[in-house]
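*Asks:* Quick check, what structure comes out for this input:
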Amino acid sequence: MIALGIYASKSVFIPFYSIPSNILSVTVLFYGIFIILTSWIENYLLTQKYQDNGKSGIWRFIIDLGILFLFYYIIVAGSNEDHDYLIPDVYLFVTPLIFLLFTLEDVIRTRHYRDDFLRKYRDMSRNFLFISVIISLSYLAEIYATRFQSFGSLAFYRDLIFASISLILVIIYMVMRWRQFNLNVTHT
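*Replies:* Okay, here's the model as predicted:
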């Protein structure tokens, strides 16, 4: 995924002076690369802390495959190779699905380990799932209010605003989770 993200970034970040004209793709691509890196680092840290020992292995594997596909979708949507029509899918469908899968993963971990720290993670994932659904529904309401206008500057700025909101949501989510993880590590 990281290699695909780097490859996709060549059409967005190179040359540097093209970044302002590709700001929507840059935002979505940054969102994808950020969530991939931070999720994998967090998954590594959680795996070190909670050894699976075969518990819930198949379900977590299936969820991880779903998350991996959604990461792929974000990278493809953020590449600037005639995939602009995929960008709204990132905050309309993909972000809520990612938070749904994160929540399911946290529910499985909580069920097997019965740890207060993991319950806080699960609750945080549920809250962000709810927020991402609200963002998705807000986008649908905006599209309906503009009578499904999907061209011109209105659509560009609308998509840029929602891509930025999704990026901010993911950044806040990861910062809060890592902060919670660091608090838990220092107290144990």
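
*Asks:* Touching, residue 2 and residue 36? I think so.
*Replies:* Yes: under the criterion of C-beta atoms under 8 Å, residue 2 is in contact with residue 36, at a separation of 6.5 Å. The C-beta positions use only the backbone N, C-alpha and C, and glycine is treated the same way.

*Asks:* Between the two, which has more neighbouring residues?
*Replies:* Ranked by neighbour count (other C-beta atoms under 10 Å), residue 2 and residue 36 place residue 36 first, with 20 against 12.

*Asks:* Could you pull up the residues touching residue 118?
*Replies:* When the contact criterion is C-beta atoms under 8 Å, 6 or more residues apart in numbering, the partners of residue 118 are 50, 106, 109-110.

*Asks:* which stretches of this structure aren't confidently modelled?
*Replies:* Across the chain, the ranges flagged by pLDDT under 70 are 13-15, 18-19, 51-56, 80-84, 147-152, 185-188.

*Asks:* Can you show me the helices along it?
*Replies:* 2-13, 23-49, 57-78, 87-89, 95-113, 116-145, 152-187 (DSSP state H).

*Asks:* tell me, how many neighbours does residue 63 end up with?
*Replies:* Residues near residue 63, counting by other C-beta under 10 Å, number 19.

*Asks:* Make sure it is actually in contact with residue 107.
*Replies:* No: counting by C-beta under 8 Å, residue 107 is not a contact partner of residue 63; they are 9.9 Å apart.

*Asks:* now residue 99: how far from residue 174?
*Replies:* Shown here: residue 99 relative to residue 174, a distance of 12 Å by C-beta to C-beta, to the nearest Å.

*Asks:* Could you list the residues in contact with stretch 121-136?
*Replies:* Stretch 121-136 has contacts (C-beta under 8 Å, 6+ apart) with 91-93, 95-96, 98-100, 102-103, 105-107, 109-110, 162, 165-166, 169, 173, 176-177, 180.

*Asks:* What subset of those residues is buried?
*Replies:* Burial of the contacts of stretch 121-136 was assessed by neighbour count (16 or more other C-beta atoms under 10 Å); the buried members are 91-92, 95-96, 98-100, 102-103, 105-107, 109-110, 162, 165-166, 169, 173, 177.

*Asks:* what about residue 178, neighbour count?
*Replies:* Neighbouring residues of residue 178 were enumerated by other C-beta under 10 Å; the total is 14.

*Asks:* Many thanks, I have nothing further to ask.
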